[in-house]
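Undergrad: The amino acid sequence is not available; the structure is as follows:
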């Protein structure tokens, strides 16, 4: 498939270059015959049928894509409380886009065919048509307003974290090219922090204020553990450049901006173990491991190590191009039961005990 796509891209590039060369020759007037070329009825008819053919191609490739690639797991396997709302909004947007695309492409190609150039035929046009302009202005305004209003309500519901629900407060710290987590401890209050307080010699890698009482029971980790069913409020900082914390399955994303704190709240609804045994995830993992096995055979033949088997995990990804290793900036998220989370958090070292004396 990759080879076919590469060949098609090369063909399109060559055709584009050929067309640009022809246009250049025409503009230079190098050939009197070329310069005086005028399309006749046969040429126009040929181009008109090509437009209809391309219209058929567009619809055919669209139908094929729906049949072959229409299973969109990231529109069906959300693992957060607000995830279905985001998915419904995305599906609605895709439906509107598809309908508009189908209608406008038909009109564009059909009218290009119907009103192709013919000898003795003069085009009829309107300098203006207030009724028509009102129609094609009003309809998009209504549709876009409906989408935007629904989006605003969805966004408001997501971002208004109810403090009465006692959300777990966690800090997500970004730096080129890794993530670090800081838990707020038993008091559920993060200690103050500033990048100017970073002290590598004392292992204070996040710049946490050592004198702040709220910081003493903070916990620093390299894996994000979350209890299922409990709201979590993630506060985000960046040490260096602009990053963006993307957690695809939780339908959560927020920029991490140097010099300020941003936040995003959600409630995990599916544990990592439960997501691993869903039919969609089993198929996905099996397919990935099949590809890895084929690649491993090539690597072994070259005397290299085989690829490890893939196992699904929720991830935090960076969704802003932040440097050379941006592609590899990710961190594992483990969603587990409250009992499992409590056992893990109680086994971690407190911030005050993690510093080098």
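TA: Nice, I can see it. Bear in mind the structure is a predicted one, so any value in this text is a computation, not a measurement.
Undergrad: remind me which residues of the stretch 1-150 of the chain are low pLDDT?
TA: Scanning the stretch 1-150 of the chain for pLDDT under 70 picks out 1, 26-37, 70-74.
Undergrad: switch to 80 and redo it
TA: Applying pLDDT under 80 to the stretch 1-150 of the chain flags the ranges 1-3, 22-41, 66, 68-76, 118, 120-127.
Undergrad: Helices along that one, start to end?
TA: 2-28, 32-35, 41-69, 83-114, 130-159 (DSSP state H, counting those that start in this stretch).
Undergrad: need those in a markdown table with mean neighbour count and distance to residue 236, can you?
TA: C-beta here means a position set from N, CA and C on the backbone, and glycine is covered the same way. Formatted as a markdown table, these follow (neighbours: other C-beta atoms under 10 Å; distance: least, C-beta to C-beta, whole Å):
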| stretch | mean neighbour count | distance to residue 236 |
| --- | --- | --- |
| helix 2-28 | 10 | 37 |
| helix 32-35 | 9 | 61 |
| helix 41-69 | 12 | 33 |
| helix 83-114 | 14 | 19 |
| helix 130-159 | 11 | 13 |
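Undergrad: Identify whichever of the ones you listed lies nearest to residue 302.
TA: helix 2-28 (19.4 Å; C-beta to C-beta).
Undergrad: in the stretch 251-357 of the chain, which spans are strands?
TA: 252-256, 262-266, 314-318, 330-336 (DSSP state E, counting those that start in this stretch).
Undergrad: Of all the helices of the stretch 1-150 of the chain, which one is nearest residue 294?
TA: helix 2-28 (13.2 Å).
Undergrad: what helices or strands is that closest one leaning on?
TA: When contacts are defined as 3 or more C-beta pairs under 8 Å, 6 or more residues apart in numbering; DSSP states H and E, helix 2-28 sits against helix 32-35.
Undergrad: would you turn the helices of the stretch 1-150 of the chain into CSV with distance to residue 325?
TA: As requested, these are arranged in CSV below (distance: least, C-beta to C-beta, whole Å):
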stretch, distance to residue 325
helix 2-28, 24
helix 32-35, 52
helix 41-69, 30
helix 83-114, 29
helix 130-159, 30
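Undergrad: Would you tell me which of the ones you listed gets closest to residue 305?
TA: Closest approach to residue 305 among the helices of the stretch 1-150 of the chain (C-beta to C-beta): helix 2-28, 23.6 Å.
Undergrad: Run the chain-centre distance for the closest one.
TA: Here helix 2-28 is found 31 Å from its chain centre; the criterion is C-alpha atoms, centre = their mean, to the nearest Å.
Undergrad: same deal with stretch 91-103?
TA: 19 Å.
Undergrad: do the same with stretch 230-248
TA: Counting by C-alpha atoms, centre = their mean, stretch 230-248 comes out at 15 Å from the chain centroid.
Undergrad: closest one to residue 222 among the strands of the stretch 251-357 of the chain?
TA: strand 330-336 (6.9 Å).
Undergrad: How about that closest one, which residues are buried there?
TA: Residues of strand 330-336 classed as buried by neighbour count (16 or more other C-beta atoms under 10 Å): 331, 333, 334, 335, 336.
Undergrad: likewise stretch 191-202?
TA: 191, 193.
Undergrad: Spatially nearest residue to residue 216 (excluding sequence neighbours)?
TA: residue 352 (4.4 Å; C-beta to C-beta, 6 or more residues apart in numbering).
Undergrad: what's that neighbour in contact with, if anything?
TA: Residue 352 sits next to 210, 215, 216, 217 when contact means C-beta atoms under 8 Å, 6 or more residues apart in numbering.
Undergrad: wait, isn't the first one in contact with residue 203?
TA: No: using C-beta atoms under 8 Å, residue 210 is not in contact with residue 203, being 11.1 Å away.
Undergrad: so what sits against both of the two?
TA: residue 355.
Undergrad: ok, now which ones touch residue 5?
TA: Counting by C-beta under 8 Å, 6+ apart, residue 5 has no contacts.
Undergrad: So for stretch 342-357, mean pLDDT?
TA: Averaged across stretch 342-357, pLDDT comes to 87.
Undergrad: buried ones in it?
TA: Result for stretch 342-357 [16+ other C-beta under 10 Å]: buried residues 345, 350, 351, 354.
Undergrad: where along the stretch 201-350 of the chain do the helices fall?
TA: 272-276, 279-301, 338-346.
Undergrad: Now do the second one: which elements does it pack against?
TA: Put plainly, it is helix 279-301. Checked by 3+ C-beta pairs under 8 Å, 6+ apart, helix 279-301 has helix 272-276 packed alongside it.
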